[in-house]
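A.B. asks: My questions are about this predicted structure, shown below with the sequence.
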Amino acid sequence: MLKKLALPFLFVFAPLSLHAQDLDEANPQEQTAQQSTPNGYIVDNLYLYMHSGPGKNYRILGSVEAGTAVTITNEQSNEFVRVIDNKNRNGWVESKFVTADPGLKHQVSELSQKLTVSQAQLTNLQTAMPQLQSDYDVLETQNSELQKTIRDLNQQIELQAQQNHNKVEREQHQLLTYGGAIALGGVLLGVILTLLLSRRKRYDGWN
């Protein structure tokens, strides 16, 4: 009687036990996967299955797309390697389909991200262009005004220098004129005195 009752229970719990075993095989490094950094890629042009163990006879956990970034563990067996994919699944794939070089899909993704950043920067520059042009026009106007002010100041300096030079020349000419007049006056005074003295001597001789 007990054997008859135990047989149905065996059929019920046996699949559950096997399923739990598969889960244990598939998730021994689940916590590690959350902290892992991808260090490999699935090769391009490939639709690869992930197994719960190192062989095709193990249960399939799902498919991995070509070019997917994966974390390669140190566990290898039967030309299979244990990896952790981008969905945080921990399983085994054929090692010949895993490479350290990023595939075309990953390269396209990186280039797309760079293109998005470049387009955003270009948009920002285009948005800032009117303000930059306005600032440039203001600076250009200020530069022109400063250049004109410098030219005017230089002209004023040259004019002042010329006026100072002319003033010095006039003063020198006046000094020379005054000196000549004084010298001429002295000569005339000497002549006059000489004449007066000579006449006085004559008068004295007549007397």
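C.D. replies: That came through fine.
A.B. asks: This protein: helices as residue ranges?
C.D. replies: With DSSP state H as the definition, the chain shows helices at residue ranges 2-26, 30-35, 104-206.
A.B. asks: Buried residues in stretch 116-129, which are they?
C.D. replies: If you call a residue buried by 16 or more other CB atoms under 10 Å, then stretch 116-129 has no buried ones at all. (C-beta placed from N, C-alpha, C; glycine too.)
A.B. asks: same deal with stretch 72-90?
C.D. replies: Under the neighbour-count criterion of 16+ other CB under 10 Å, stretch 72-90 has 72-73, 80-85, 89-90 buried.
A.B. asks: Check those against Leu193 and report the nearest one.
C.D. replies: When those are compared for distance to Leu193 (CB to CB), Ile72 comes out closest, at 130.0 Å.
A.B. asks: from memory that closest one sits against Gly40, does it?
C.D. replies: Yes - Ile72 lies in contact with Gly40 (CB atoms under 8 Å); the separation is 4.2 Å.
A.B. asks: Give me the common contacts of these two.
C.D. replies: Taking CB atoms under 8 Å, 6 or more residues apart in numbering as the contact criterion, the residues that touch both Ile72 and Gly40 are 83, 98, 100.
A.B. asks: gap between the first one and Leu46?
C.D. replies: Counting by CB to CB, to the nearest Å, the separation of Val83 from Leu46 is 14 Å.
A.B. asks: So for the chain, the centremost residue is which one?
C.D. replies: In the chain, the centroid-proximal residue (CA atoms, centre = their mean) is Gln121; its distance is 11.2 Å.
A.B. asks: pLDDT value on that one, please?
C.D. replies: According to the model's per-residue confidence, Gln121 sits at a pLDDT of 87.
A.B. asks: Just give the number of residues close to Pro54.
C.D. replies: Applying other CB atoms under 10 Å, we find 20 residues neighbouring Pro54.
A.B. asks: Check Met50 too.
C.D. replies: Residues lying near Met50 (other CB under 10 Å) number 24.
A.B. asks: give the contact list for it.
C.D. replies: In this structure, Met50 makes contact with 60-64, 83, 85, 89, 91-93, judged by CB under 8 Å, 6+ apart.
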